[in-house]
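[1] Got a predicted structure here, sequence first:
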Amino acid sequence: MNSSQPNSLEASKPFAGEVVVSIQDVNFSYAPGERQILSGLNMEFRRGQVVAVMGGSGCGKTTILRLIGGQFTAQSGQVLFEGQDIGKMSGAKLMAARRRMGMLFQFGALFTDLSVFENVAFPLREHTDLSEELLRSLVLMKLNAVGLRGARDLMPSQISGGMARRVALARAIALDPPLIMYDEPFAGLDPISLGITARLIRDLNNALGATSLLVTHDVEETFAIADYVYFIANGQIGAKGTPEELSRSTDPFVRQFLDAAPDGPVPFHYPGQSLEEDFGVRV
């Protein structure tokens with residue numbers, strides 16, 4: 001085989017289209033006077049792309065998802081979804097925008113008292129007036145796409161963690177949203193389930209022509225499927241680029257994260273008073 005030929009995964013990646021989400025000069029803290037979580041943040045997420053947001057715990061990755069979903073409002077700057085400012089939407093407009101967003105929560109967050117079928121059917125029942133026949137066909141199609149059509153009648157307690165994540169993915173794409181957000185989609189998965197989930201994210205994004213936003217720590221699987229990566233550090237963009245560009249980077253922050261190094265630009269200690277102030281003696 002010619003070594004210059006791209007692998008099938010790379011060849012399947014579509015060209016990026018128009019901007020679906022734009023974060024412009026966003027500043028955010030949970031309350032006035034508290035630590036700034038995000039500071040002067042600028043990001044773009046384009047149609048057809050899988051974009052990863054990475055960084056250490058507590059750096060503000062999940063906060064970005066909440067700003068896009070309208071759970072939080074930035075103190076300044078704009079969060080635009082399909083050209084509309086999320087922070088200025090009325091309740092009705094925000095709900096309409098959320099129907100165009102799919103969300104895969106950490107560990108799936110399935111409804112434990114609903115079957116696999118009814119978990120996937122839930123958003124369709126809530127937001128459409130489809131007949132039972134059409135709804136059934138759509139749910140089975142989504143479950144088939146994640147390889148779980150045969151598990152339709154099982155309860156969440158009867159399936160594995162990896163299968164539950166795939167059911168949650170089928171539910172996230174039930175309404176064919178143009179934006180799909182994933183909060184730590186690989187957390188707690190065994191290597192086989194992790195690989196299957198990563199492949200599904202890439203393939204479903206391509207099939208739907210959607211935009212996928214991944215908040216994740218998993219470098220290897222993320223770099224295999226992502227078109228673009230943002231690294232967040234101290235509430236700002238520490239680095240950005242394609243996986244190939246970042247893999248070659250000599251930037252100290254990028255290297256600390258990719259090499260899992262304990263020492264580097266990201267400090268071990270959370271900011272606080274000095275040892276002398278806390279203990280009352282010179283240390």
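    Received it, and whenever you're ready, just let me know what you need. Residues are numbered from 1 along each chain as shown.

[2] Quick one: the helices in the stretch 1-150 of the chain, in order.
    8-11, 61-68, 91-98, 116-127, 132-145 (DSSP state H, counting those that start in this stretch).

[3] what's the closest of these to Ile159?
    Of all those, helix 116-127 sits nearest to Ile159, with 6.9 Å by Cβ to Cβ. Yep, even glycine has a C-beta here, placed from its N, CA and C like the rest.

[4] How about Ile64, nearest residue that isn't a chain neighbour?
    Closest residue to Ile64 apart from its sequence neighbours, by Cβ to Cβ, 6 or more residues apart in numbering: Val53 at 6.0 Å.

[5] that older thread, dump the helices of the stretch 1-150 of the chain to JSON lines, plus mean pLDDT, distance to Gly235 and mean neighbour count.
    What follows is the helices of the stretch 1-150 of the chain, written out as JSON lines (pLDDT from 0 to 100; distance: least, Cβ to Cβ, whole Å; neighbours: other Cβ atoms under 10 Å):
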{"stretch": "helix 8-11", "mean pLDDT": "41", "distance to Gly235": "32", "mean neighbour count": "10"}
{"stretch": "helix 61-68", "mean pLDDT": "92", "distance to Gly235": "9", "mean neighbour count": "21"}
{"stretch": "helix 91-98", "mean pLDDT": "91", "distance to Gly235": "24", "mean neighbour count": "14"}
{"stretch": "helix 116-127", "mean pLDDT": "93", "distance to Gly235": "32", "mean neighbour count": "20"}
{"stretch": "helix 132-145", "mean pLDDT": "93", "distance to Gly235": "36", "mean neighbour count": "16"}
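
[6] Minimum distance to Gly162: which of those helices has it?
    Closest approach to Gly162 among these is made by helix 116-127 (13.4 Å; Cβ to Cβ).

[7] residues in contact with that closest one?
    99, 110-111, 114, 130, 135, 138-139, 142-143, 148, 151-156, 159, 167-168, 170-171, 174-175 (Cβ atoms under 8 Å, 6 or more residues apart in numbering).

[8] which helix of this structure spans the most residues?
    helix 191-208 (DSSP state H).

[9] just to revisit the earlier point, just checking, the residue nearest to Ile64 touches Cys59?
    No: with contacts defined as Cβ atoms under 8 Å, Val53 does not count as touching Cys59, sitting 9.3 Å away.

[10] Understood, closing this out.
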